[in-house]
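**Q** A predicted structure for the sequence below; I have some questions about it.
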Amino acid sequence: MLRALTRQVSTTFAECELTFLDRQPIDVEKAIAQHRAYEACLTELGVRITSLPADPEFPDGVFVEDPAIVLDELAIITRPGAESRRGETESIAQALSHFRELLYVDEPATLEGGDVVRIGKTLYVGLSRRTNREGIMQLTALLKPFDYLVVPINVNGCLHLKSGVCWAGGDVILANREWIDVAHFHDFKIIDVPADEPSAADVLPINDQLLVPANFIRTRELLEAKGINLRPVDVSELQKAEAGVTCMSLVFNV
Ligand code: GLY
């Protein structure tokens, strides 16, 4: 069975970190409603949700993907590159401790789960504004006994690796080559996001369905043409905080 850890949208959500986007007014009530619909979509797909309460101390707390990397054997608690987000790890670790052994990365490492694309036993890890070389080195060392291959990839022009490349199920990845060098994905069929939808690569496979942001219409058409079953979700208000569809859940087998 799949379980997803989520966290409710904070009342302070509009004070979120922004790295590549300009700040726009955010309708927090609308973000809360969209987040509920996102959770409902996961539930419809058979995923059991563990939902943590919002914490006003952490405007970005809804983005639970970043404080942890959950694998079948263990979970790594990260050290977010954004200082304002470091305190998010405590409650995530507490919640995950019911399901996984926990391992930690330490200072001076920085590492965020949004920089980790897992495909089978390979972890592609973005070297980004949020994840540094030390973070990738510590992750590699922690995973050594578990037979994972860690592949560093430069991230240029977007927040996280997953902002620019994601696994779309099977042998398909969706990518923005302006931001990510896809040379490491030579074994996959690569679908390029349209130039006018640069952030559309962030997609979330759940069983045989693919969650996609509803507003990336041309990307949806490309994916549908390949026979991929899509579940569009409206995350437009959350996108103003540099959200994708992956960052609002930690999905794992239990
Ligand atoms: N606003 C999402 C982040 O910067 O982590």
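**A** Looks like it arrived, so ask away.
**Q** so who does residue 102 touch?
**A** Residues near residue 102 by CB atoms under 8 Å, 6 or more residues apart in numbering: 74, 75, 76, 77, 93, 96. (C-beta placed from N, C-alpha, C; glycine too.)
**Q** Show me those residues that map onto strands.
**A** Filtering these for membership in strands, criterion DSSP state E, returns 75, 76, 77.
**Q** Check the gap between residue 219 and the ligand for me.
**A** In this view, residue 219 and the ligand are 21 Å apart by CB to the nearest ligand atom, to the nearest Å.
**Q** how about the residues of the stretch 1-150 of the chain near the ligand?
**A** Contact residues, the stretch 1-150 of the chain versus the ligand (CB under 6 Å from any ligand atom): 16, 17, 19, 60, 63, 82.
**Q** Return the member of the residues you listed nearest to residue 5.
**A** residue 63 (11.8 Å; CB to CB).
**Q** number of nearby residues for the closest residue to that closest one other than its chain neighbours?
**A** Leaving out its chain neighbours, the residue that sits closest to residue 63 by CB to CB, 6 or more residues apart in numbering is residue 247, at 4.3 Å. If you count neighbours by other CB atoms under 10 Å, residue 247 ends up with 26.
**Q** just residue 108 next, same as before
**A** Other residues lying near residue 108 total 11 when counted by other CB under 10 Å.
**Q** residue contacts, it?
**A** 132, 134.
**Q** and if we set it to 6 Å?
**A** residue 134 (CB atoms under 6 Å, 6 or more residues apart in numbering).
**Q** And residue 6, by the same measure?
**A** Contacts of residue 6 (CB under 6 Å, 6+ apart): 39, 49, 51, 249.
**Q** partners of the helix or strand encompassing it in the sheet?
**A** Using DSSP states H and E, residue 6 sits in strand 2-7. Using DSSP bridges, the strands paired with strand 2-7 are strand 48-52 (parallel), strand 250-253 (antiparallel).
**Q** Residue 100: which of these is closest?
**A** With CB to CB as the measure, strand 250-253 is the member of the strands paired with strand 2-7 nearest residue 100 (7.6 Å).
**Q** what's the closest one in contact with?
**A** By CB under 6 Å, 6+ apart, the surrounding residues in contact with strand 250-253 are 2, 4, 5, 64, 65, 68, 70.
**Q** Can you show me the CA trace of that strand as CSV?
**A** What follows is strand 250-253, C-alpha atoms only, in CSV (Å, rounded to 0.1, in the frame of the first residue of the first chain):
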residue,chain,number,x,y,z
LEU,A,250,6.3,12.1,0.6
VAL,A,251,5.0,9.0,-1.0
PHE,A,252,6.3,5.6,0.1
ASN,A,253,5.3,1.9,0.4
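**Q** by contact count, what packs against the longest helix anywhere in the chain?
**A** With DSSP state H applied, the helix covering the greatest number of residues in the chain is identified as helix 28-44. Packing contacts for helix 28-44, counted by 3 or more CB pairs under 6 Å, 6 or more residues apart in numbering; DSSP states H and E, involve strand 230-233, helix 236-239.
**Q** Same list, the ones you listed, but as CSV with mean pLDDT and mean neighbour count please.
**A** Shown next, in CSV, are those (pLDDT from 0 to 100; neighbours: other CB atoms under 10 Å):
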stretch, mean pLDDT, mean neighbour count
strand 230-233, 98, 18
helix 236-239, 98, 21
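**Q** picking that back up, closest one of the contacts of residue 102 to the ligand?
**A** Relative to the ligand, the closest of those is residue 77; by CB to the nearest ligand atom it sits at 16.2 Å.
**Q** how many neighbours does whichever residue of the chain sits closest to the ligand have?
**A** Nearest residue of the chain to the ligand (CB to the nearest ligand atom) works out as residue 17 at 3.3 Å. Residues within reach of residue 17, counting by other CB under 10 Å, total 17.
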